[in-house]
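Chemist: Predicted model and sequence follow; I will ask about them next.
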Amino acid sequence: MMLMKNIKRFFLNNWPLILIIFFSGLITWPLFISGYFSHHDNLQVMRIFEMRRCFIDFQIPCRWVPDMGYGNGYPLFNFYGPLAYYIGALASFVLGYIGAAKLLFFLPLVFGGVGMYLLGKEIFGKLPGLVSGVLYLFAPYRALDSYVRGAIGESFALAIIPFVFYFILRMIRLRDRKNFVLATISTFLLFVSHNIMTLIFAPLIVLWVILWLYTEKWKGLKLSFISLAVAFGMSAFFVLPAFFEKGLVQTDALTRAELDFRAQFVKVSQLFVDRSWNYAGSQPQSTNTISYQIGWPHWWLVALSLFAIAFQKKRKNLLPVTFFLLMFAVGIFMTHNKSATIWETVKILAYIQFPWRFLSIVIFSSSLLGAYFVSLFKDKWLTIIWVGIVTLAILFSWQYFRPEHFYYNLTDKELLSGQNFIDQQKGALLDYLPKTALEPRELPPKIDNFENKSDSWELKINIDKETVIEVPVFDFPEWKVFVNGKVFPHSNKNITGRISFTLPPGEHVVIGKFTNTPIRTLGNTLTLVSLITLVYIYAKSRKIFV
């Protein structure tokens, strides 16, 4: 009897959250079909495969991957947000590689709505929170990320961001240990999930902290500073090398041709009116392009919220609502060519590549403004409004959440062998190619008695005269070569940029080891120290929770 009462109480208290999880089935169903599906970034399984090799070789944190770079290896996870692939590599031991990739699509689709519900509920109440969660769940941009672009890292970031805002708000309001730890961890997870989303949202997170510190009369200032500092410190193993070592790779490929922001500004009609849905690449000036729509009824609710706040006598939640309106306006502005001066002036924005990526803050803010609009109603009208908005959000957008093609019988073995594997080895080839390397046109030649691991290689060789040896591994700081147990000089001054060295006659065991630069060592150390600091603060410190 008591159990039944507890179950009933749980459902009564959490039915909006349960409803959001139920609705998520409408956007995740393609992930439960056997096989795999089409999307632009077809390297998700390959990245999981490479991360798993790092696990097997105990290369933690993973930086160098041996099979990509067209078989020459390159420092993928020194620069590319690794969070999702740590999860995927672990899951692959149970689910296989394709199963793990589908899990990485599934998690952010579901948890994005959950996080937005919690944030909307905290600010505006339970039913408005339900509306914000559903709006975010069915935002067309999230369908674009998952089923068209296949942008797992960005999808993870978009799912984590509502939790960051939610736990920071709770931490400042309550100033307790649990929310301090959760705010710190969620911020850390964002920092290691996706570089570009971190770049876009980091200033907004700082402003969010300032807004609520001001609201709470600056109580929790020290707590907030420590949380952000520890979160950054925990992510230092990735953030520091990703920033300070970017000059070691050929980053020009990330900002030229179709990746140049100047070619990617969108029209106002594409944001607000055009509801066409294509699976082509991003070509804003063409009819054959991906969709850039904000979503109906998302932008309608922004307009209604602006109208409502102008005529409300009791302007409750004025500061956060104003903040969300400004977020929405800035997001729209940054997608349009009228913002070109800002893009030209702030050089780091070039790495965002696509101005329409600012739709991330547009869907975030419009979902919360929808919650604000619902919070203005009571009783019967409240029910009518929230049911109506939820229904419209689902009807207008659920059909976008499906891939263009299904590959029903595709298996791990097929995807990771033969020509399929070779195609993935040369995928995104120029993204993180070392500065000293030349773009390869074919796989490197095979060498007898050569064993290649994720962060090391070994060559056993017997030669009768002095010989120049070139191993099929791109050089990059800090690869070290050992011949018969002793450090041996090597070079990359060949036409390919691969590791080469000159051996004297005789029998040799040559070993290559990928080691840390000072900045990587500093990052690893800061991560370890920050993790210990977080545990210590939670377990021992009481002074900052006042």
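Modeler: Looks like it arrived, so ask away. Residues are numbered from 1 along each chain as shown.

Chemist: Surely residue 432 is in a helix?
Modeler: No - judged by DSSP: H, G, I helix; E, B strand; the rest coil, residue 432 forms no part of a helix; its state is coil.

Chemist: quick one: pLDDT of it?
Modeler: Per-residue confidence (pLDDT) for residue 432: 90.

Chemist: can you list contacts of the lowest-mean-pLDDT helix or strand in the chain?
Modeler: Sorted by mean pLDDT, DSSP states H and E, the helices and strands of the chain end with helix 2-23, the least confident at a mean of 84. Helix 2-23 has contacts (CB atoms under 8 Å, 6 or more residues apart in numbering) with 110, 113-114, 117, 121, 126-127, 129-130, 133-134, 137-138, 394. Glycine gets a C-beta too; all of them are placed from N, C-alpha and C.

Chemist: What is the subsequent helix or strand relative to that helix?
Modeler: As assigned by DSSP states H and E, the chain's next helix or strand after helix 2-23 is helix 25-28.

Chemist: I'd like the mean pLDDT over that following helix, please.
Modeler: For helix 25-28, the per-residue pLDDT averages 98.

Chemist: Make 34 the starting number, not 1.
Modeler: In the new numbering, first residue 34, that becomes helix 58-61.

Chemist: other SSEs contacting it?
Modeler: Counting contacts by 3 or more CB pairs under 8 Å, 6 or more residues apart in numbering; DSSP states H and E, helix 58-61 packs against helix 116-157.

Chemist: So which other helices or strands are in contact with the helix or strand following the helix it packs on?
Modeler: Remark: after helix 116-157, the chain's next helix or strand is helix 159-170, criterion DSSP H and E. In this structure, helix 159-170 packs against helix 35-56, helix 116-157, helix 392-408, helix 412-430, with contacts taken as 3+ CB pairs under 8 Å, 6+ apart.

Chemist: Tell me which of those sits nearest to residue 104.
Modeler: Among the helices and strands packed on helix 159-170, the nearest to residue 104 by CB to CB is helix 116-157 (18.6 Å).

Chemist: ok now that closest one, how far from the chain's centre?
Modeler: 11 Å (CA atoms, centre = their mean, to the nearest Å).

Chemist: Tell me, how many residues neighbour residue 328?
Modeler: By other CB atoms under 10 Å, the residues close to residue 328 number 28.

Chemist: I meant residue 336, not that one.
Modeler: Applying other CB under 10 Å, we find 14 residues neighbouring residue 336.

Chemist: Give the helix, strand or coil label for the residue nearest the centre of the chain.
Modeler: Closest to where the C-alpha atoms of the chain average out (CA atoms, centre = their mean) is residue 186, at 2.8 Å. Here residue 186 takes the helix state, with states given by three-state DSSP.

Chemist: mind checking how far it is from residue 471?
Modeler: Going from residue 186 to residue 471 by CB to CB, to the nearest Å gives 28 Å.

Chemist: and what of residue 75?
Modeler: Note on residue 75: its distance to residue 471, by CB to CB, is 24 Å.

Chemist: which of these two has more neighbours?
Modeler: Using other CB under 10 Å as the criterion, residue 75 and residue 471 rank with residue 75 on top: 16 against 13.

Chemist: The more buried one: what's it in contact with?
Modeler: Per CB under 8 Å, 6+ apart, neighbours of residue 75: 183, 456-457, 460.

Chemist: do residue 393 as well
Modeler: Residue 393 makes contact with 174, 187, 190-191, 194, 230, 233-234, 364 under the criterion CB under 8 Å, 6+ apart.

Chemist: how does it look with 6 Å?
Modeler: residue 191 (CB atoms under 6 Å, 6 or more residues apart in numbering).

Chemist: repeat for residue 543
Modeler: 492, 516.

Chemist: Is it possible to mark the buried ones in the contacts of helix 35-56?
Modeler: 143, 146-147, 150, 154, 160, 162-163, 166-167, 170-171, 427 (16 or more other CB atoms under 10 Å).

Chemist: Any idea which of the helices and strands packed on helix 159-170 has the lowest pLDDT on average?
Modeler: When these are compared on mean pLDDT, helix 35-56 scores lowest, with a mean of 84.

Chemist: any weak-confidence spans in the protein?
Modeler: For the chain, the stretches with pLDDT under 70 are 34, 36, 290, 346-347, 575-576, 578-579.

Chemist: Now do the domain split for it, please.
Modeler: Domain assignment for the chain by automatic domain parsing gives 35-440, 483-548.

Chemist: how far does the longest one stretch from start to finish?
Modeler: Distance across domain 35-440, first residue to last, is 48 Å (CA to CA, to the nearest Å).

Chemist: and residue 205, what is it in contact with?
Modeler: Residues in contact with residue 205 (CB under 6 Å, 6+ apart) are 245, 249, 253.

Chemist: Spit out the contact partners of the second one.
Modeler: When contacts are counted by CB under 6 Å, 6+ apart, residue 249 touches residue 205.
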